[in-house]
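Asker: Quick one: sequence and predicted model below, then my questions.
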Amino acid sequence: MRSALVHRANEKVQNRFQLCCLTSSSARRMARSSVGMHITINEALEAISVQAAPMIAQPLPADEVKAAEIDSAFILDSAI
């Protein structure tokens, strides 16, 4: 069942990485304590798949990419 949801959502968000990020952030915002996370993830994928227009990946501005590289170097430091 979830694979069908992923394929339908993938028609709207072509980039798989962005689909994963969008799904996880949507699921976190939609989360309720009385409902299991697996159900919330399915609901997030359904919400993405019913969007009217496809979501096209926009490249990050160069200054944000450089900032991300600096942050990732800090996180991956072996001394931590």
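Answerer: Yes, it's here. Numbering: from 1, shown residues only.

Asker: which element is Arg29 on?
Answerer: Counting by DSSP states H and E, the secondary-structure element that holds Arg29 is helix 16-30.

Asker: who's in contact with Ala31?
Answerer: Listed by CB atoms under 8 Å, 6 or more residues apart in numbering, the contact set of Ala31 reads Met37, Thr40. Quick note: C-beta positions are derived from backbone N, CA and C, even for glycine.

Asker: sorry, back to before: pLDDT of the helix holding Arg29, averaged?
Answerer: For helix 16-30, mean pLDDT rounds to 89.

Asker: buried set for the very next helix or strand once past it?
Answerer: Under the assignment DSSP H and E, the closest C-terminal helix or strand after helix 16-30 is helix 37-49. Within helix 37-49, the residues that qualify as buried by neighbour count (16 or more other CB atoms under 10 Å) are Thr40, Ile41, Asn42, Glu43, Ala44, Leu45, Ile48, Ser49.

Asker: How about the fourth one, nearest residue that isn't a chain neighbour?
Answerer: Counting by CB to CB, 6 or more residues apart in numbering, Met30 is the residue found nearest to Glu43 once chain neighbours are left out, at 6.0 Å.

Asker: Can you get me a residue count around the one you found?
Answerer: 15 (other CB atoms under 10 Å).

Asker: Go ahead and confirm it touches Ala44.
Answerer: Yes: using CB atoms under 8 Å, Met30 is in contact with Ala44, at 5.8 Å.

Asker: Find residues that contact each of the two.
Answerer: Between them, Met30 and Ala44 have no joint contacts when contacts are counted by CB under 8 Å, 6+ apart.

Asker: What sits closest to Thr23 if chain neighbours are left out?
Answerer: Taking CB to CB, 6+ apart as the measure, Thr23 lies nearest to Ala44, with 5.2 Å between them; neighbours along the chain are not counted.

Asker: can you pull the contacts of that neighbour?
Answerer: Ala44 sits in contact with Thr23, Ser26, Ala27, Met30, where contact means CB under 8 Å, 6+ apart.
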